[in-house]
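S.K.: Just the structure for this:
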Amino acid sequence: MTGEPQTSLLPTEISDRDLVLKFESLGDNCELGLVQRRAGAEPLGLLRFAGAPLPKLLRAMAARFAGLADPTQVRIGLGRGEYMVQLLKYDFVYHADAKVGDADPATLQRQQVRILPFLVEKLLSDLETATKILVFRQNEPLLAADLIDLQQAVSKFGPGTLLWVQDARPGHPPGSADRIGERLLAGYVSRLATRENVPDLDLPSWLGMLRRAYALFQPPPPVPAITLRFGTAGNARASTGFGWSAPENGFTWSIGERSLLTLEAPQPADSYRLEMDVAPFVSPPALQSQRLTVQVNGETVEVFDPLTRGRVTCSVPGRLVRDHPKVEILLEHPRAASPRDVAGEDDTRPLAVAFRSLTLSGAVGA
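M.R.: Residues are numbered from 1 along each chain as shown. From the prediction side, this is the model:
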């Protein structure tokens, strides 16, 4: 298979800046990170500017980067007039983006300890959602066994696509890319930058290669939404736990102070959107409003106070759903009251919120 570009497949409508954001470095060095910078993009990435040799990367991936953000494992060192962040757990090193004398090392260390958990979560999300192409390059020859080990490490997270960047050679000109496996691409640049001078990279061949690789990329299908419809004709009955009254025509009341919904785990996503069509039980002047707190797998994601009638939405971080076989949505509504108590009606149920529908949908590639 030759490396000649197929112009009809190239996504020419995408800008260089947007193009480079479709790729995530696996950290042999910072060459891709500098390509992104020169294209006008500054994405956050754990390994974007990191030195992470393959054996150390594989060890970290096998452990899902556990312990990497431990404050006792984060050091600030020196290198060529700038501060470097040393992650002792897996022996990674990356640029702190601060010159010696321009920042306080102790302050830098505290800043890194704060941001590292977020960077780890983001990389895990990118690995699992497989909406970015994962880029690996190294100056030394890559053994076939090492490439297989890296592919297997990536596949344990999800259907990720790996791009192996190499020096151009006959039949594989600079700026070309080929598919050499279902989830493996090979890209070719005029030359890989040396470790001693990474900024001396060939930007045109990198951008051409990335554009061709992106044209070959087959992202996973969109994350399907999970929708519950309440009421006698709906499908929500199997998902309702405690805190629900019997379904009625088009809706179901949540009752008491708390109610539980349990959903099958959706496909992985960076984040999720929870949309609910609701009608709070109110009876002025005795009961002016309802308060609704939404917890997903044990963590509060939104508090509606007062809860309005109609469609309300909130965001759910992907980490709250990831690695859970089920999604438990706990709804807290402490102002539940019976129509008899607040309005003298013949209904003793402690009503809180009538639910018509609930939809959990995924957002990927953000």
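
S.K.: Just the CA trace of stretch 199-207, in PDB.
M.R.: Provided in PDB are the C-alpha atoms of stretch 199-207 (Å, rounded to 0.1, in the frame of the first residue of the first chain):
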ATOM      1  CA  PRO A 199      11.800  22.500  18.000                       C
ATOM      2  CA  ASP A 200      13.600  21.700  14.700                       C
ATOM      3  CA  LEU A 201      10.600  19.900  13.300                       C
ATOM      4  CA  ASP A 202       9.200  19.900   9.800                       C
ATOM      5  CA  LEU A 203       5.700  21.500  10.300                       C
ATOM      6  CA  PRO A 204       4.500  21.200   6.700                       C
ATOM      7  CA  SER A 205       5.100  17.400   6.500                       C
ATOM      8  CA  TRP A 206       3.600  17.000  10.000                       C
ATOM      9  CA  LEU A 207       0.400  18.900   9.000                       C
END
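
S.K.: If you count neighbours, what's buried in that stretch?
M.R.: 201-202, 205-207 (16 or more other Cβ atoms under 10 Å). Where you see a C-beta, it was placed from the backbone N, CA and C, and this is true even at glycine.

S.K.: Next: stretch 235-245.
M.R.: For stretch 235-245, the neighbour count (16+ other Cβ under 10 Å) marks 236, 239-240, 243-245 as buried.

S.K.: Distance to residue 291, secondary structure and pLDDT for those residues - can I get that in TSV?
M.R.: Formatted as TSV, the buried residues of stretch 235-245 follow (distance: Cβ to Cβ, whole Å; DSSP: H, G, I helix; E, B strand; the rest coil; pLDDT from 0 to 100):
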residue	distance to residue 291	secondary structure	pLDDT
236	22	helix	97
239	23	helix	97
240	21	strand	97
243	15	coil	98
244	18	strand	98
245	19	coil	97
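
S.K.: Report the two of the residues you listed separated the most.
M.R.: With distances taken as Cβ to Cβ, the most widely separated pair in the buried residues of stretch 235-245 is 239 and 245, at 14.9 Å.

S.K.: neighbouring contacts of the helix or strand encompassing residue 340?
M.R.: Element membership of residue 340 [criterion: DSSP states H and E] is helix 339-343. With contacts defined as Cβ atoms under 8 Å, 6 or more residues apart in numbering, helix 339-343 is touched by 281, 283, 286-287, 345-349, 351.

S.K.: From those, keep the buried residues only.
M.R.: Among these, the ones that count as buried by 16+ other Cβ under 10 Å are 281, 283, 287, 349, 351.

S.K.: Which members of those residues occur in strands, if any?
M.R.: Per DSSP state E, strands hold the following members of these: residue 351.

S.K.: Convert stretch 292-304 to PDB, retaining C-alpha atoms only.
M.R.: The C-alpha coordinates for stretch 292-304 follow below in PDB (Å, rounded to 0.1, in the frame of the first residue of the first chain):
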ATOM      1  CA  LEU A 292     -34.600  18.900  43.400                       C
ATOM      2  CA  THR A 293     -31.000  17.700  44.000                       C
ATOM      3  CA  VAL A 294     -29.600  15.300  41.400                       C
ATOM      4  CA  GLN A 295     -26.900  12.800  42.400                       C
ATOM      5  CA  VAL A 296     -25.200  10.400  39.900                       C
ATOM      6  CA  ASN A 297     -23.400   7.400  41.400                       C
ATOM      7  CA  GLY A 298     -23.000   9.200  44.700                       C
ATOM      8  CA  GLU A 299     -22.000  12.700  43.600                       C
ATOM      9  CA  THR A 300     -24.200  15.800  43.400                       C
ATOM     10  CA  VAL A 301     -24.300  17.200  39.800                       C
ATOM     11  CA  GLU A 302     -27.000  19.800  40.100                       C
ATOM     12  CA  VAL A 303     -29.400  21.500  42.500                       C
ATOM     13  CA  PHE A 304     -32.600  23.000  41.100                       C
END
